[in-house]
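Colleague: predicted model, plus sequence, below.
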Amino acid sequence: MKNKVTKAIFPVAGLGTRFLPATKSIPKEILTLVDKPLIQYAIDEARAAGIREFIFVTSRGKGALEDYFDSAPQLEESLRKKNKKDLLDILRKTTMPSGAIAYIRQRDPLGLGHAVWCARRLIADEPFAVILTDDVIAAEKPCLQQMVEAYEEVGGNMVAAMEVPPEKASAYGLIKAGEEANRIIEVKGMVEKPKLEDAPSNIAVIGRYILTPKILENLDDKAVGAGGEIQLTDAIAREINESDNVTAYRFEGKRFDCGSKSGFLEATVSFALERPDLRDDFLSFLENNIMSPKAAQ
């Protein structure tokens, strides 16, 4: 019987320099798509997948991220007095129970693999998920929930995967794919950001993982990989070679790269158009200010 996945690591120690000057004082993970921060999308996805313990790997200057999940007694009381029940319900979803979140400091920015390794003592001998908040995935069934259901069939280590344009593939971790059935792909190899001519495929690893504790052991040697960082991809690739227990899951949904400004804007527009309370006015704005001038040309 496979252990259930109830713990998730959120590597949130990055400085978010692509979004300066906003991130001078606000953690990138607090930036909002419409009216919900990136971190809330990640937490909601984790909850839907059955995650009960949330481990944040943070760094200096992330206090606002920690405060976000705390209670806000004065604000709650004000909303109660004004009988704003809808807003109270929204606010309650942002509050985490005592002990549900643990915070670990990553003192030195040594890469994603190092960030995950920093949480090793809280993982112990259980399988765990990793969620990268930059990757926001809009899906009818949340991506991690899809993966957990697939993991219950195959176990081992599992990464989320999608095809990317071949000319952009070298910006990702890529897999060498074997057979595929029911969206589960055998992984025969994995490499982080290879040169274009060395890419094993255009199937990229996206920021959702379900991993075994053995991955943390593989990270113990702190081997430096692509970009001079300790890469999580390298620790997973070692399991392919030694245990042949890595699969990729071709998830259903649309992924937005919210680590880039263009991806963040694309996500904002897409999520706004899905909102019944915003769609009509926002679509009218787009038609009048963007689509019409293009048609006129």
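Modeller: Happy to help now that I have it.

Colleague: quick check: chain neighbours aside, which residue is closest to the residue nearest to the spatial centre of the chain?
Modeller: The chain has residue 132 as the residue nearest its centroid, 2.6 Å off, counting by CA atoms, centre = their mean. Nearest residue to residue 132, sequence neighbours excluded (CB to CB, 6 or more residues apart in numbering): residue 207, at 2.8 Å. In this view, the C-beta of every residue, glycine as well, is placed from N, C-alpha and C.

Colleague: returning to what we had before: from residue 39, how far off is the residue nearest to the centre of the chain?
Modeller: 11 Å (CB to CB, to the nearest Å).

Colleague: state the pLDDT value of the residue nearest to residue 132.
Modeller: The confidence metric pLDDT takes the value 93 at residue 207.

Colleague: just residue 226 next, same as before
Modeller: pLDDT at residue 226 comes out at 68.

Colleague: again with residue 293
Modeller: Confidence at residue 293, expressed as pLDDT, is 55.

Colleague: likewise for residue 260?
Modeller: At residue 260, pLDDT is 91.

Colleague: count of neighbours near it?
Modeller: Neighbour count for residue 260, taken as other CB atoms under 10 Å: 13.

Colleague: what distance do you get for it to residue 228?
Modeller: From residue 260 over to residue 228 (counting by CB to CB), the distance is 21 Å.

Colleague: for residue 94, same thing?
Modeller: 37 Å.

Colleague: ok, now residue 85?
Modeller: 52 Å.

Colleague: and residue 192, by the same measure?
Modeller: 12 Å.

Colleague: then residue 45?
Modeller: Going from residue 45 to residue 228 by CB to CB gives 31 Å.

Colleague: which of those two has more neighbours?
Modeller: Between residue 45 and residue 228, counted using other CB under 10 Å, residue 45 has the larger neighbour count: 22 against 9.

Colleague: mind checking the SS state of the more buried one?
Modeller: helix (DSSP: H, G, I helix; E, B strand; the rest coil).

Colleague: leaving out chain neighbours, which residue sits closest to it?
Modeller: residue 142 (4.3 Å).

Colleague: cool, residue 232 as well?
Modeller: residue 113 (4.2 Å).

Colleague: was I right to think that neighbour contacts residue 216?
Modeller: No: if you go by CB atoms under 8 Å, residue 113 and residue 216 don't touch, sitting 9.7 Å apart.

Colleague: out of these two, which sits in the busier spot?
Modeller: Legend: neighbour count by other CB under 10 Å for residue 113 and residue 216, higher for residue 113 (26 against 21).

Colleague: mind listing what that one touches?
Modeller: Residues in contact with residue 113 (CB atoms under 8 Å, 6 or more residues apart in numbering) are 219, 225, 229, 230, 231, 232, 233, 234, 235.

Colleague: can you rerun that using 10 Å?
Modeller: Neighbour list for residue 113: 11, 192, 215-216, 218-219, 222-225, 229-236 [criterion: CB atoms under 10 Å, 6 or more residues apart in numbering].

Colleague: what's the answer for residue 214, then?
Modeller: When contacts are counted by CB under 10 Å, 6+ apart, residue 214 touches 125, 156, 157, 235, 236, 238, 239, 242, 243, 245.
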